[in-house]
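Asker: The following comprises the amino acid sequence and a computationally predicted model.
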Amino acid sequence: MKLGENTPSDKQKSDTSFPLISVIQRQFAFDERMDVLLMYPSEVSENARLTPALGRSSDRRTVAVIIPFYQQASGILRRAMVSVLKQKLPRNLRVHVFIIDDSSPLPPAQDLRDLRQRSDVSWSVHHQANGGPGAARNLGLDMAEETGADFVAFLDSDDEWLPRHLAEAVWALDQGYGYYFCDNERSEAHDSYADTVPSLACKGAKLRGKAQVLDPVGPVFGFDEGSLSAEMIEACLSHTSCVVLRGDVASGHRFDKELRVAGEDHMYWIALALGQCRIAISWRPNVCCGRGVSIFYSSFDWNDLSTLNRLGHLLLMFEKLRLIPEAVAAGGHHIKTLRRNRRLGYSFLFIRNLAKGRRPNTDILFKIARYDPMIFLRIPFFSVQAALDRRPESRKW
């Protein structure tokens, strides 16, 4: 049975031809009466081309939202859930949230108490032994697949969506794409994540030559299969909470549980980019990233062993990538360069922590050694190399 089938169906509107509306400022607007997402561009021809399919079908569709939960403060998950409940959804779209409790020290029940109810949004809590965010998302993916969800969206428990995030994502996917992501902002870090990534900066100026313009406002671009493989290897283009996938694309793809501190999401996006998957990117910052427990963003202090652990997992990711022929063919130079950078950073901080009397976690070191048995001998050599290289860009670990 598909998610949401236990909810009484709303009366569906018949297929309607919508009048073309021109306004000075182009924007997305959600018309509650017509139950359909409309475009309001200033160019009539573009409006006709971009009128989305949402709301025209009588078939009910479901978005499975996957939230891994591991937090130490109350109120964080509640904010994420409120942002889901505020989504402006067409009436043929239902949402079910799978909250995966990754043995959180703070149970999720308190944050879920007395939340506003909606007939088109439901949720369930599932508990698992602590396995990291990748393992938690995999459990959610398993359940989304079992229940036949049409779309899969990811949301970290400390992040929030703007109200039109899901509607805009589904609209873009309905244009023939399998993997969608948008821009995000992070308090005290960036107003636009895209502007921090060279290939995405300046509204995707470097990518325009191989993009199809789905919407000039934002903008929203579409890309053919394999056309972003090199860019996806060079940098993690999408934050997890910004990603929405078609259900058939998510099926069969899982996060690498071994990369539990860093790299599991990047590895997943690379696998999608290397596969037969068309990608849609929106430069609208429809996600606000929060400040809860974030394994990745809390590990940049050289005096904290978590930073060494993060670099170790990133090095492990590139050790794995260099053994994938499709990845090497698409971005072998990037893999080589980034692997070397992670090797230098990991080795430098490994020796530095030993010198300061701190014992590094050797579990990740032995995992790296499966791919590079000489890593134990290389660490002192790479550490010296890193110490002698005083260029600021060489220390971007």
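Answerer: Looks like it came in fine.
Asker: tell me what the longest helix along the chain is packed against?
Answerer: The residue-count maximum for a helix in the chain (DSSP state H) belongs to helix 325-355. When contacts are defined as 3 or more CB pairs under 8 Å, 6 or more residues apart in numbering; DSSP states H and E, helix 325-355 sits against helix 229-234, helix 264-274, helix 305-321, helix 375-388. All C-beta atoms are positioned from the backbone trio N, CA, C, and that covers glycine.
Asker: Residue 328: neighbouring residues, count only.
Answerer: Neighbours of residue 328 under the rule other CB atoms under 10 Å: 16.
Asker: Repeat that for residue 176.
Answerer: 12.
Asker: can you put the helices and strands packed on helix 325-355 in TSV and add mean neighbour count?
Answerer: Output for the helices and strands packed on helix 325-355, formatted as TSV (neighbours: other CB atoms under 10 Å):
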stretch	mean neighbour count
helix 229-234	20
helix 264-274	22
helix 305-321	23
helix 375-388	15
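Asker: okay, those helices in JSON lines with mean pLDDT and distance to residue 335 next?
Answerer: Below are the helices and strands packed on helix 325-355 laid out as JSON lines (pLDDT from 0 to 100; distance: least, CB to CB, whole Å):
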{"stretch": "helix 229-234", "mean pLDDT": "97", "distance to residue 335": "6"}
{"stretch": "helix 264-274", "mean pLDDT": "96", "distance to residue 335": "10"}
{"stretch": "helix 305-321", "mean pLDDT": "94", "distance to residue 335": "5"}
{"stretch": "helix 375-388", "mean pLDDT": "94", "distance to residue 335": "17"}
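Asker: Can you say which of those is nearest to residue 249?
Answerer: Of all the helices and strands packed on helix 325-355, it is helix 264-274 that lies closest to residue 249, at 6.8 Å by CB to CB.
Asker: got the CA coordinates for the next helix or strand after that closest one in PDB?
Answerer: Later in the chain than helix 264-274, the nearest helix or strand by DSSP states H and E is strand 279-289. C-alpha atoms of strand 279-289 as PDB (Å, rounded to 0.1, in the frame of the first residue of the first chain):
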ATOM      1  CA  ILE A 279      20.000  16.600 -12.700                       C
ATOM      2  CA  ALA A 280      18.000  19.800 -12.000                       C
ATOM      3  CA  ILE A 281      19.600  22.600 -10.000                       C
ATOM      4  CA  SER A 282      17.800  25.600  -8.400                       C
ATOM      5  CA  TRP A 283      19.800  28.600  -7.300                       C
ATOM      6  CA  ARG A 284      16.900  29.600  -4.900                       C
ATOM      7  CA  PRO A 285      18.100  29.200  -1.300                       C
ATOM      8  CA  ASN A 286      15.000  27.200  -0.200                       C
ATOM      9  CA  VAL A 287      16.800  25.600   2.800                       C
ATOM     10  CA  CYS A 288      18.100  27.300   6.000                       C
ATOM     11  CA  CYS A 289      20.800  25.200   7.600                       C
END
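Asker: just to revisit the earlier point, turn the helices and strands packed on helix 325-355 into CSV, including distance to residue 358.
Answerer: As requested, the helices and strands packed on helix 325-355 are exported to CSV (distance: least, CB to CB, whole Å):
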stretch, distance to residue 358
helix 229-234, 32
helix 264-274, 25
helix 305-321, 6
helix 375-388, 15
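Asker: Spatially central residue for the protein, please.
Answerer: The residue lying closest to the centre of the chain (CA atoms, centre = their mean) is residue 240, at 1.8 Å.
Asker: pLDDT score for it?
Answerer: Note for residue 240: predicted pLDDT of 97.
Asker: what do you get for residue 170?
Answerer: 98.
Asker: quick one: contacts for the nearest residue to residue 162 once chain neighbours are set aside?
Answerer: Leaving aside its sequence neighbours, residue 162 sits nearest to residue 286 (CB to CB, 6 or more residues apart in numbering; 4.6 Å). Residues in contact with residue 286 (CB atoms under 8 Å, 6 or more residues apart in numbering) are 161, 162, 164, 165, 168, 182, 183, 184, 242.
Asker: coming back round to it: was I right about the residue nearest to the centre of the chain contacting residue 265?
Answerer: Yes - using CB atoms under 8 Å, residue 240 makes contact with residue 265 at a distance of 4.9 Å.
Asker: circling back: compare the helices and strands packed on helix 325-355 and give me the one nearest residue 201.
Answerer: helix 229-234 (11.8 Å).
Asker: low pLDDT regions in the stretch 251-397 of the chain?
Answerer: By pLDDT under 70, the weakly predicted segments of the stretch 251-397 of the chain are 291-303, 393-395, 397.
Asker: repeat that for 50
Answerer: Counting by pLDDT under 50, the ranges of the stretch 251-397 of the chain that qualify are 292-299.
Asker: hey, where'd the helices end up in this protein?
Answerer: For the chain, the helices defined by DSSP H occupy 44-50, 76-85, 109-112, 132-146, 165-173, 201-204, 229-234, 247-250, 264-274, 305-321, 325-355, 362-371, 375-388.
Asker: Now the fourth one - C-alpha only, CSV.
Answerer: Taking C-alpha atoms only, helix 132-146 is exported to CSV below (Å, rounded to 0.1, in the frame of the first residue of the first chain):
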residue,chain,number,x,y,z
GLY,A,132,25.7,7.4,11.8
PRO,A,133,23.6,9.5,9.4
GLY,A,134,24.3,7.3,6.4
ALA,A,135,22.9,4.2,8.1
ALA,A,136,19.9,6.2,9.4
ARG,A,137,19.2,7.5,5.9
ASN,A,138,19.5,4.0,4.4
LEU,A,139,16.8,2.7,6.8
GLY,A,140,14.6,5.6,5.7
LEU,A,141,15.3,4.7,2.0
ASP,A,142,14.4,1.1,2.6
MET,A,143,11.1,2.1,4.1
ALA,A,144,10.4,4.7,1.3
GLU,A,145,11.1,2.0,-1.3
GLU,A,146,8.9,-0.6,0.5
